[in-house]
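Novice: only geometry, no sequence info:
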């Protein structure tokens, strides 16, 4: 039995959830998100709650049960509070700036790296060495942050590169004389 799947998702004030044709649509102050609900689970919206239950006792239905409930919960949190991933830049001369609709990164290459900011994501640079990626869709925010980090991941000797703010880079000892 799925412990996560058993718990209903409470719909907060200001959020509307509609289920039509296997598509669950969540609307809130930060936008609209959609989810294609699996055929293996039943989704019921009533009394200000979304309840997910498996249609049968197959392994696939039980797997989709907890996953669907977690995705619905993430959608509700996304349209109410949103999600933010913070990135830190370490290295001499490494910096980031938002110019118009582009994120311009100077990462020690012979050229600046330009990343076009998607319309559903907000990117802010409070400091030249800090990037905040914000949006309503948890998966999309994480993916954009991962793409930005991949331009120059942290290296283990000096720690130079882009890393998540919560990440710790395991440092290696350098050459010995």
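Specialist: Here it is on my side, so go on. From a predicted model like this one, the values you see are computed outputs, not experimental measurements.
Novice: Do you know the pLDDT at residue 176?
Specialist: For residue 176, the pLDDT comes out at 85.
Novice: And it, how far from residue 91?
Specialist: Residue 176 is 24 Å from residue 91, where distance means CB to CB, to the nearest Å. Using the backbone N, CA and C atoms, a C-beta is placed for each residue, glycine as well.
Novice: who's more crowded, those two?
Specialist: Regarding residue 176 and residue 91, a neighbour count based on other CB atoms under 10 Å identifies residue 91 as having more, with 18 against 4.
Novice: Contact partners for the more buried one?
Specialist: Contact analysis of residue 91 by CB atoms under 8 Å, 6 or more residues apart in numbering lists 107-108, 152, 158, 160-161.
Novice: As a markdown table, these with pLDDT would be great.
Specialist: Formatted as a markdown table, the entries for these read as follows, by pLDDT from 0 to 100:
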| residue | pLDDT |
| --- | --- |
| 107 | 93 |
| 108 | 91 |
| 152 | 94 |
| 158 | 91 |
| 160 | 93 |
| 161 | 94 |
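Novice: from those, which single one is nearest residue 86?
Specialist: For those, the minimum distance to residue 86 (CB to CB) is 15.1 Å, reached by residue 161.
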